[in-house]
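S.K.: give me a model of this one.
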Amino acid sequence: MTINEMIAKRKTLLDTMDGFLDTHKNEHGTLSKEDDAAYAEMEAKFKNLTTEIQRMQRREEMENEMKKPTSAPLTGKPMPMKDEDTKVKGVRATDEYKKNFWNAMRSKAPMPQVLNALQVGDDAEGGYLVPDEYEKTLVEALEEENIFRTLAHTINTASGERKIPVVASKGTANWIDEEGPYEDSDDNFSQITIGAHKLGTTIKVSEELLRDSVFDLDTYISKEFARRIGAREEESFFNGDGNGKPLGILAENGGAEVGLTAASATAITADELLDLYHSLKAPYRKKAVWVLNDSTVKAIRKLKDSNGNYLWQPGLTADKPNTILGRPVYTSVYMPEIAAGAKTVAFGDFKYYWIADRQGRSFKRLNELYAKTGQIGFVASQRVDGKLVLPEAIKVLKQKSST
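M.R.: Okay, the predicted model is just below:
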């Protein structure tokens, strides 16, 4: 069955579910215990179909990637590299550096010629900078693990802090009497500073696997690094307090603005989602998306507008996401579930959240630390920071606090 056929099957199931709700609700607008169980079974089938569609989409993306040409023709004259590129980026992109990097990772005592080839990648703490091609693989893997990176704006910094100018308030024009003076009305500027927080993890590999040339060491470390770093990053991009980690969009100070406080601590109404939608200024709504926990999606899927239309609509084709009020919906386990005082729904243009990657992810090999257990350790680290540069660009719905 093709992806589009699966999507059509899911749409048919959704229509059935909608009809079921319309015909089985009692005079109080609720379902009986038996009907609720039947509807829950349909919901489970819908979720399974969605999971299978997403898996097929990922598979199709991988197949399309494999079909791409492995090289591209030269269309212009070669240009000399800048000195700084030649010293670091150019050398780290060579096959020689990549080959010797992985030889060093596998070998307990690298040969002198291997160490010489890696001198350009020796970082300040004794590790080796990841080869350019491999670093690109890591970034791509992080984006697959971390939905926040696909929504936010990412920049690269070489060193130090990045200062971002922000217009705090704008000037206005005024009516002037004939020969009257012009009134001063200046724009006011502020600035936000993005630094770099260190995020790292230790990966252990048995000596037997390390010596086995069949074992794909770089792919294993890439996936494991992505899983660990991606999860911790996304948690901080949502909930970080800025102390030793990025400042998340749900932070009380410096995070997104509260667009609406729900009347209930345990539920969300259709009118409240509409109010949250319109609490965001119209220019931001053009590129806005919804981000919420999957359990919250389940709670609001039954909500209708005043015309009887469901607010949540499924994507009808493989390249179209699910929507609420016409805007795409994304889910993350790091968005809070519905509970008293929780910020459960975020709506806005996430490109105003800036992620700063400090160039130079590095690995270190630990030969002796795990020797007793017959393992070799690898310490992988990167430096990253993130902040919402314009709080009004994202609005959140906050549940009523318990009394």
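
S.K.: could you give the backbone dihedrals for Glu41?
M.R.: Main-chain dihedrals, Glu41, degrees, to the nearest 10: phi -70, psi -40.

S.K.: what's the burial count for it?
M.R.: 10 (other CB atoms under 10 Å). For the C-beta atoms, the positions are set from N, CA and C on the backbone; glycine is no exception.

S.K.: also Glu207?
M.R.: Counted by other CB under 10 Å, the residues lying close to Glu207 total 14.

S.K.: for the closest residue to it other than its chain neighbours, give its distance to Lys204.
M.R.: Leaving aside its chain neighbours, Glu207 sits nearest to Gly374 (5.2 Å; criterion: CB to CB, 6 or more residues apart in numbering). Gly374 is 10 Å from Lys204, where distance means CB to CB, to the nearest Å.

S.K.: more neighbours: which of these two?
M.R.: More crowded of Gly374 and Lys204, by other CB under 10 Å: Lys204, with 12 against 9.

S.K.: that one contacts Tyr370, correct?
M.R.: Yes. The pair Lys204 / Tyr370 is scored as a contact, 5.8 Å apart, by CB atoms under 8 Å.

S.K.: residue nearest the middle of the chain, spatially speaking?
M.R.: Centroid-nearest residue in the chain, with CA atoms, centre = their mean: Phe148, separated by 1.8 Å.

S.K.: excluding chain neighbours, what is closest to that residue?
M.R.: Closest residue to Phe148 apart from its sequence neighbours, by CB to CB, 6+ apart: Phe237 at 4.5 Å.

S.K.: thought that neighbour was touching Tyr353?
M.R.: Yes. If you go by CB under 8 Å, Phe237 and Tyr353 touch, sitting 7.0 Å apart.

S.K.: show me which of those two is the more surrounded one.
M.R.: Using other CB under 10 Å as the criterion, Phe237 and Tyr353 rank with Phe237 on top: 29 against 26.

S.K.: in contact with the more buried one, which residues are there?
M.R.: Phe237 makes contacts with 146, 148, 152, 246, 248-249, 334, 353, 355, 386, as judged by CB atoms under 8 Å, 6 or more residues apart in numbering.

S.K.: after whichever strand or helix holds the residue nearest to the centre of the chain, which helix or strand is next?
M.R.: Using DSSP states H and E, Phe148 sits in helix 147-151. Remark: after helix 147-151, the chain's next helix or strand is strand 153-157, criterion DSSP H and E.

S.K.: by contact count, what packs against that following strand?
M.R.: Applying 3 or more CB pairs under 8 Å, 6 or more residues apart in numbering; DSSP states H and E, one finds that strand 153-157 contacts strand 353-366.

S.K.: quick one: list the elements packing against the strand it packs on.
M.R.: Applying 3+ CB pairs under 8 Å, 6+ apart, one finds that strand 353-366 makes contact with helix 95-106, strand 128-129, helix 132-145, helix 147-151, strand 153-157, helix 217-239, strand 375-388.

S.K.: worst mean pLDDT among the ones you listed?
M.R.: Least confidently modelled of the helices and strands packed on strand 353-366 is strand 128-129, at a mean of 52 by mean pLDDT.

S.K.: ok so, going back, possible to save the contacts of Phe237 as CSV with distance to Thr12?
M.R.: Shown next, in CSV, are these (distance: CB to CB, whole Å):
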residue, distance to Thr12
Asn146, 33
Phe148, 33
Ala152, 35
Pro246, 42
Gly248, 39
Ile249, 36
Tyr334, 33
Tyr353, 37
Ile355, 40
Gly386, 41
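
S.K.: least confident pick among those?
M.R.: Of all the contacts of Phe237, Asn146 carries the smallest pLDDT score, 75.

S.K.: surely it meets Ser236?
M.R.: No. Contact between Asn146 and Ser236 fails when scored by CB under 8 Å: they sit 10.6 Å apart.

S.K.: by mean pLDDT, point me to the weakest helix or strand of this structure.
M.R.: None of the helices or strands of the chain scores lower by mean pLDDT, DSSP states H and E than helix 83-84, at a mean of 44.

S.K.: run through the stretch 1-150 of the chain and note the low-pLDDT ranges.
M.R.: Within the stretch 1-150 of the chain, the stretches with pLDDT under 70 are 64-93, 96-145.
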